[in-house]
Structure formats: structure tokens, C-alpha cells
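Colleague: Provided below for reference: sequence and predicted model.
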Amino acid sequence: MTEDQTHRILLVDDDRTFRLSTAALLREDGYHVTGAADASEAAAALQEARFDLVLLDLRMPGLDGLHLIEVLRTRGERVPILMISGYGTVSSAVDALHLGADDFLTKPVEPELLSARVANLLARRPAPDRVHAGELGGMVGRSAPMRDVFDAIRRVGPTDATVLVSGETGTGKELAARAIHDASTRRASPFMPVNCAALAEGLLESELFGHLRGAFTGAIADKRGLFEAAHGGTLFLDEVGDMGLRLQQRLLRALQEREVTPVGAVTPRRVDVRVIAATNRDLDAERAAGRFRDDLFFRLNVFRVHLPPLRERAADVPLLLEAALARLRARTGQAAPHGFSPLAIRLLRRYDWPGNVRELFAVVESAAIRADGERIGAQHLPPEVRTATTSIAIDESRYQRPSDNADERASILAALEQAGGVRSH
């Protein structure tokens, strides 16, 4: 018996004809299928047996599909959910994904497409060892905000939904975009990033859509744009909030029509690209000011992944510090300091980190140079970190009378470091 033949699927739909025909299709693919006519039957079936996937109708008598998703996720059910409905709208898809659905299809569904989506969802499992270890796609954290980020990436990655990654500068938006790409069925195809704030509008237009020879001064040869270069893969538009209004219109058309027209060309070219956009701007404020199009915002904001600033997840700082040292050793090939003193960690945890994780990595590298192979202490940290928390209270319980001279020396040194070397303190 193959692995696919052991997969159990729960099919929930009040349309008996659709339920029977879809069940027959899935059984031909080798799956064990159980049918349910409404949410109550589905809930009972989920209590009685384990399922590897739930195919769920949106509109049903009584409790609808969205409510059932909410109930399942609230009680901790992590079974993948594929929404299928004849009432498919963008808002329905957004609601389903935000509540915990893993993918969304609209009726009528082509049998080949349904088979492919089911196979993809069953094949794409989260990597629990990496997530539980506090790392995903280069991002590090065990705090509740980062667990939410990892869960959102795991949920949206296998879909083809457009994703908007928001967060302050330095929070790791490109890492999140790459993690989404790596969790998708497009992971073997190109991931093409472009910084929309780094190029003038004319250059960015050519970079995205390409151009023909002679289209403008300096266009000495045809150039393929990033949309075409990313065909079959993912295009990451970093700092999309900095894009001008004229170019926003061209981007909107590319997203709507799934085709691009190079500068100087008249014939559009079809593209198959998933778009992930990122911004550190408040797009609601930009829309209100008329600097960002409403229709483009709705196209990009199908699913939102928000990266919290480091000051809101200070519990992750020790983990990030160790990761920074490990990456420093791997990058330089040289021995880096082994660890941080207790006071250094405390100062680093209580600093506000306006530059977020990017700033933390820079501070660790700078401190490692000053430490010159020694353990990083408070004296190796930059002044803005040392002086940001001058009112730290000494925890006297840590420095109770020791049992021998060696312990006494270590205790005194630790107390001196915490007091900044001032013996009277």
C-alpha cells in the first residue's frame, strides 16, 4: 500500500452530487474519503477519526465553513483545510486564509487542479523540528509574536495567494518572503527580489517589465524584465510603498491580467508569477494621502504577514545573540567570542532596538571586534546600548555570601560589572 493510499480526507459539502463526484475522483487518486453534509457531521467525524486533509464548502446550512475553520483552529486542530465554494470572492478567500484555511478554490473545479492542490497540501508538511527550535528560513525566535509569524508562513506558503509582508526596517521582511517561497510549490523556481525604493521610476519600470532595443536612450539591446525572469517562481517587491502612482497602475494590470508589456512593445506577454510585496510604510495612511492606490492595495493585501519589532519580542534577544555569533563565525571562518556576560545580555534585552534585528547583528559584530576573542561584556557594547538603561536595579539575591573564595571572586566580579565598575554602587 502506498503512502497516498493511507491518507484520509474529510469532504464537507451540502451539495450531494458534488460530494459524491468529488469523493469518487479522490478515491481514484488513492485516498480514503469520508463525506459530511454539514458542519455538525464534520465536527463529529473529526472527533471520531484522524484526517490528513479537510475539503470544506464555504456556504452550508447552519454553521458555515468559515465558522467551522474558526472552531477547529481555536481548539488546536492543525489538519490542513482546503476551502471549495461556488461563492468565491477575494474577501471570502482572505477570511478563509486568515481564519486558518490552507488553500482556497472556487467551483467549478477542474479535476486536475483539485488533484494537484490536494497532493500539494498533503506533501507540504511544516518542519516541526525547525519551528520548535525557534528558527524558520533564517528567522529566529520562540516568542509568541514570532510563533504567530511562523504559523502564518506555514499556512500561506503552500497556496498561491499574494502576500503583503509588513514591518519596520530591519525586521527581516525579505527573510520572511524567502521562507514563504521555500514553503511553496514554486520553491524549485526562481525567487527574484527587487527594492522598489532603490531605483528611479523609469529604471524600475524597465527592471520589472523589461524593454525592447531602442525603446529609450541607452536601450542598446532587448532586456527581459523580472516578471518574465521569475516565471514559475516568486517576485519579491521590497518597499512597494515607495512606488510611484503611474508604475502602480502598471503593476496592478500585471497582477490582474497575469501579463506584462515591455517598454517599447505593443504585445503583452503571459507570466506565471507569485508576488510577495513588503513595506515599512503605513499603507492606510499612504492611501488616505492619495499616494497609494486602493485597488492595488487590495490586490497585494490578500494575506498579511506582520513582522513585530524587536522591542516587542525582547524574550528572543538571547536566542538572536547566539545566532548572530554563530553566523559571524560561519561568515568569517574565525573564532568569535563565546557568549555574553549576564549584564551585557540584560542591557541588550532592555535596549529599544530602533534598527531591529539588523541593528542587533551589527552591534554583535562590533562588540565581537572589541572583545577580541573574550566573552562579550557590557564594556564592549556601544554607548547607546550601555547608557540606554542606566537605572538597572541590582538583584542582590544573586550575590549572597558565597561558600568559598573562588565563588566570592566570581560574585564580586559579576556585581562590579553590573554596577558599571563603580565600587560604591
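Modeller: Thanks, I have it.
Colleague: Okay, buried residues for stretch 78-98 please.
Modeller: Counting neighbours by 16 or more other CB atoms under 10 Å, one finds that the buried residues in stretch 78-98 are 79-85, 88, 92-98. Where C-beta positions appear, they are placed from N, C-alpha and C, glycine not excepted.
Colleague: Please apply the same query to stretch 229-238.
Modeller: Of the residues in stretch 229-238, those buried by neighbour count under the rule 16+ other CB under 10 Å are 229, 230, 231, 233, 234, 235, 236, 237, 238.
Colleague: again, but for stretch 270-279
Modeller: Within stretch 270-279, the residues that qualify as buried are 271, 273, 274, 275, 276, 277, 278, 279, counting by 16+ other CB under 10 Å.
Colleague: Give me the distance between residue 140 and residue 310.
Modeller: Using CB to CB, to the nearest Å, residue 140 is found at 11 Å from residue 310.
Colleague: Quick one: low-confidence residue ranges for the stretch 1-150 of the chain.
Modeller: In the predicted model of the stretch 1-150 of the chain, residues 1-6, 73-77, 87-91, 93, 124-133 satisfy pLDDT under 70.
Colleague: Contact partners for the closest residue in space to residue 349 that isn't next to it in sequence?
Modeller: Counting by CB to CB, 6 or more residues apart in numbering, residue 317 is the residue found nearest to residue 349 once chain neighbours are left out, at 4.6 Å. With contact set as CB atoms under 8 Å, 6 or more residues apart in numbering, residue 317 has these partners: 310, 345, 348, 349, 360.
Colleague: Between residue 140 and residue 310, which has more neighbouring residues?
Modeller: Comparing residue 140 with residue 310 by neighbour count (other CB atoms under 10 Å), the higher total belongs to residue 310, at 26 against 22.
Colleague: Look at the residue lying closest to the more buried one once chain neighbours are set aside and report its pLDDT.
Modeller: Excluding the flanking residues, the one nearest residue 310 by CB to CB, 6+ apart is residue 353, at 4.1 Å. The predicted structure scores residue 353 at 96 on the pLDDT scale.
Colleague: Was I right to think residue 353 contacts residue 308?
Modeller: No - applying CB atoms under 8 Å as the test, residue 353 and residue 308 come out as separate, 11.3 Å apart.
Colleague: So for those two, which sits in the more crowded spot?
Modeller: residue 353 (26 against 19).
Colleague: The more buried one in helix, strand or coil?
Modeller: Secondary structure assignment for residue 353 (DSSP: H, G, I helix; E, B strand; the rest coil): coil.
Colleague: show me what contacts it?
Modeller: Each residue near residue 353 by CB under 8 Å, 6+ apart is listed here: 309, 310, 311, 359, 360.
Colleague: I'd like the distance between it and residue 175.
Modeller: Taking CB to CB as the measure, residue 353 falls 16 Å from residue 175.
Colleague: Could you report the neighbour count for residue 284?
Modeller: Burial measure for residue 284: 10 neighbouring residues, criterion other CB under 10 Å.
Colleague: what are the phi and psi values for it?
Modeller: When quoted as degrees, to the nearest 10, the phi and psi of residue 284 stand at phi -60, psi -40.
Colleague: go on, the one 5 residues further on?
Modeller: Backbone torsions of residue 289, given as degrees, to the nearest 10, read phi -80, psi 0.
Colleague: Kindly report the same for the one 3 residues further on.
Modeller: When quoted as degrees, to the nearest 10, the phi and psi of residue 292 stand at phi -140, psi 130.
Colleague: was I right about it contacting residue 241?
Modeller: Yes - checked against CB under 8 Å, the pair residue 292 and residue 241 is within contact range at 6.3 Å.
Colleague: ok, residue 345 - contacts?
Modeller: 317, 318, 321.
Colleague: what does residue 352 give?
Modeller: Residue 352 is in contact with 311, 388, counting by CB under 8 Å, 6+ apart.
Colleague: With residue 25 instead?
Modeller: Taking CB under 8 Å, 6+ apart as the definition of contact, the neighbours of residue 25 are 111, 114, 115.
Colleague: now the residues you listed: which count as buried?
Modeller: The buried subset of the contacts of residue 25 (16+ other CB under 10 Å) comprises 114, 115.
Colleague: Specify which member of the contacts of residue 25 is nearest to residue 146.
Modeller: Checking these against residue 146 with CB to CB, the nearest one is residue 114 at 34.0 Å.
Colleague: contacting residues for that closest one?
Modeller: Residue 114 makes contact with 22, 25, 84, 105 under the criterion CB under 8 Å, 6+ apart.
Colleague: Which two of these have the greatest separation?
Modeller: With distances taken as CB to CB, the most widely separated pair in these is 25 and 105, at 13.2 Å.
Colleague: circling back to that earlier point, can you redo the contacts of residue 345 as CSV with pLDDT?
Modeller: Formatted as CSV, the entries for those read as follows, by pLDDT from 0 to 100:
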residue, pLDDT
317, 90
318, 87
321, 91
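Colleague: how about TSV for those residues, with distance to residue 257 and secondary structure added?
Modeller: Converted to TSV, the contacts of residue 345 look like this (distance: CB to CB, whole Å; DSSP: H, G, I helix; E, B strand; the rest coil):
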residue	distance to residue 257	secondary structure
317	46	helix
318	49	helix
321	47	helix
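Colleague: got these as JSON lines, with distance to residue 195 columns?
Modeller: Written out in JSON lines, the entries for these read as follows (distance: CB to CB, whole Å):
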{"residue": "317", "distance to residue 195": "28"}
{"residue": "318", "distance to residue 195": "31"}
{"residue": "321", "distance to residue 195": "28"}
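Colleague: could you point out which element follows the host helix or strand of residue 54?
Modeller: In this assignment (DSSP states H and E), residue 54 forms part of strand 53-57. With elements assigned by DSSP H and E, the helix or strand that comes after strand 53-57 is helix 65-74.
Colleague: helices and strands around that following helix, which ones?
Modeller: Taking 3 or more CB pairs under 8 Å, 6 or more residues apart in numbering; DSSP states H and E as the contact definition, the neighbouring helices and strands of helix 65-74 are helix 39-48, strand 53-57, strand 81-85, helix 90-99.
Colleague: can you tell which of those is closest to residue 250?
Modeller: Taking CB to CB as the criterion, helix 90-99 is the member of those that comes nearest to residue 250, at 20.5 Å.
Colleague: Tell me, how many residues neighbour the closest residue to residue 291 other than its chain neighbours?
Modeller: Closest residue in space to residue 291, ignoring its immediate chain neighbours: residue 245 at 7.3 Å, by CB to CB, 6+ apart. Burial of residue 245 is recorded as 12 neighbouring residues (other CB under 10 Å).
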